[in-house]
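> Dropping the sequence and predicted coords here.
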Amino acid sequence: MKEKHKIGVIQMASGPNVDANLFEAERLIRESVDEGAELVVLPENFAFMGQGDRDQRALCEVDGDGPLQAFLARLAKQLGVWLVGGTIPLQADDPDRVRAACLVFDDRGERVARYDKIHLFDVNLPGLDERYHESAVIEPGFQPVVIDSPFGRLGLAICYDLRFPELFRRLLDEGAEILAVPSAFTAVTGKAHWEPLIRARAIENLAYVVAAAQGGFHVNGRETHGHSLIVDPWGTILAQVTRGTGFVCASIDREFLESVRCSFPTIYHRRLKCNT
């Protein structure tokens, strides 16, 4: 397996116009591939951010068939790139809700993974009249996902999942070396917690973290934090987009990952296990 690979992370400020969002996503993906990216990660809700979470139901697709899935497959194949497709709404068991699904396509345009967001953002932000209730619209998943890729074992998580280290320990137990985290952190929570959480997940699991974010003001009045990051297993920020739309690329080095895990083997010194 090749030791070094270039990874791209995309940041967007998506709105309610799906065509405009897809146009922007394709532009950024193509530019990152032009810079050598072999794996590209899109943010949560890359194709659509409407007036409210319930608007997602109008875009809900059947698993394996739909324009958003076709868009991701087409680009992955055309560009010969692995693509972590942020999240799209797929049909749930509950007809009144959707699954927030992160789909991964390989460089032939074949879907190789689906992860449904497990932890849902049902919070009232302290000191603010700002409330979120994702579980009213989204049905939670239950299965952690780690897959083989040319870049190493790839684990998937989405946004609010970052606050639950036991999920990442589960991914580590399944061999994760790279963690892709499509997200849409609020401006308030992002300012306080985004970077510390990303770096903590990298440090404690001695893994690369590729965290793609929404970043800016949205038509629904929401403001997202941005600051998409690529972080190495030592917690060093390799690349970052601050605000607005854009992308960055960085090289990940499997030899460096293995050397850190060998010389500073904290992941092998664990004495307690989380029950997940």
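Thanks, I have the structure now.
> When you work out contacts or count neighbours from here on, use the C-alpha atoms and nothing else.
Fine.
> Pick out the residue closest to the middle of the chain.
residue 182 (1.8 Å; CA atoms, centre = their mean).
> Excluding sequence neighbours, find me the nearest residue to it.
Setting aside the residues directly before and after it, residue 182 is nearest to residue 43 in space (CA to CA, 6 or more residues apart in numbering), at 4.3 Å.
> how much space between that neighbour and residue 33?
Between residue 43 and residue 33 the distance is 16 Å, computed by CA to CA, to the nearest Å.
> Have a look at these two and say which one is more surrounded.
residue 43 (32 against 19; other CA atoms under 10 Å).
> So the residue nearest to residue 182: helix, strand or coil?
Using DSSP: H, G, I helix; E, B strand; the rest coil, the structure places residue 43 in coil.
> With the one 3 residues further on instead?
For residue 46, the reduced secondary structure class is coil; criterion used: three-state DSSP.
> how about it, what does it touch?
Counting by CA atoms under 8 Å, 6 or more residues apart in numbering, residue 46 touches 12, 14, 21, 22, 25, 86, 87, 88, 214.
> what does residue 22 give?
Counted by CA under 8 Å, 6+ apart, residue 22 has contacts 46, 47.
> That one - that's part of a helix, no?
Yes. Using three-state DSSP, the assignment for residue 22 is a helix.
> In ChimeraX, select just the buried ones from the contacts of residue 46.
Selecting only the buried members of the contacts of residue 46 in ChimeraX, with burial defined as 16 or more other CA atoms under 10 Å, works like this:
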select :12,14,21,22,25,86,87,88,214
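> other SSEs contacting the host helix or strand of residue 78?
Counting by DSSP states H and E, the element that carries residue 78 is helix 67-79. The contact analysis (3 or more CA pairs under 8 Å, 6 or more residues apart in numbering; DSSP states H and E) places helix 67-79 against helix 18-34, strand 82-84, strand 98-105.
> how far out from the middle of the chain is stretch 160-172?
13 Å (CA atoms, centre = their mean, to the nearest Å).
> quick one: average confidence on that stretch?
What stretch 160-172 shows for mean pLDDT is 98.
> All set, thanks.
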